[in-house]
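> This is the structure alone, sequence omitted:
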């Protein structure tokens, strides 16, 4: 399997006077927008509890939990990726595809740490009918500003992982 290279789609979210401001820096240019979290703390807690309970059973794609995850992810996606921000994402996806690369979504929440608990990995793009994080072409990375360089971990292939 060949290694995928990525273009970066930077999403920086800061507090605004009312709600939050999202700034995009992408292969297709820059964009800004405003958004409000589309659910209350209680709705978020109930969603997380519902998904946590479903881990005990075998999962199938048509389970109610999958539909709840899609609805939750679509609401979050539609709130953050509205207007020019969505157009910038679409153009960036097109550019990455044209170059034969993936589009890595780098989420920066440094100035809005209260949003770090949101399950951003559930972002669901209804038009594409998929969770962005489940595609190798659109990984979602929570990006942290670090004062020092990160050194890569050296491994000897093959990498063996034991998962339970």
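The structure has been received and is ready for your questions. Note that this is a predicted model, so its numbers are computed, not measured.
> what about this structure, any weak spots by pLDDT?
1, 52-62, 146 (pLDDT under 70).
> for it, longest helix please?
Ranked by residue count and defined by DSSP state H, the top helix of the chain is helix 64-80.
> Which strands or helices does the following helix or strand past that helix pack on?
The element immediately downstream of helix 64-80 (helix or strand, assigned by DSSP states H and E) is helix 84-98. The helices and strands touching helix 84-98, judged by 3 or more CB pairs under 8 Å, 6 or more residues apart in numbering; DSSP states H and E, are strand 6-15, strand 20-26, strand 29-35, strand 102-108. C-beta: built from backbone N, CA, C; applies to glycine.
> which residues are contacting helix 84-98?
6-7, 9, 22, 24, 26-33, 81, 102-103, 137-138 (CB atoms under 8 Å, 6 or more residues apart in numbering).
> Restricted to buried residues, select those residues in ChimeraX.
Applying 16 or more other CB atoms under 10 Å to these, the buried members can be selected in ChimeraX as follows:
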select :6,7,9,22,24,26,27,28,31,33,81,102,103,138
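> Tell me which residues touch residue 112, please.
Counting by CB under 8 Å, 6+ apart, residue 112 has contacts 13, 14, 15, 20.
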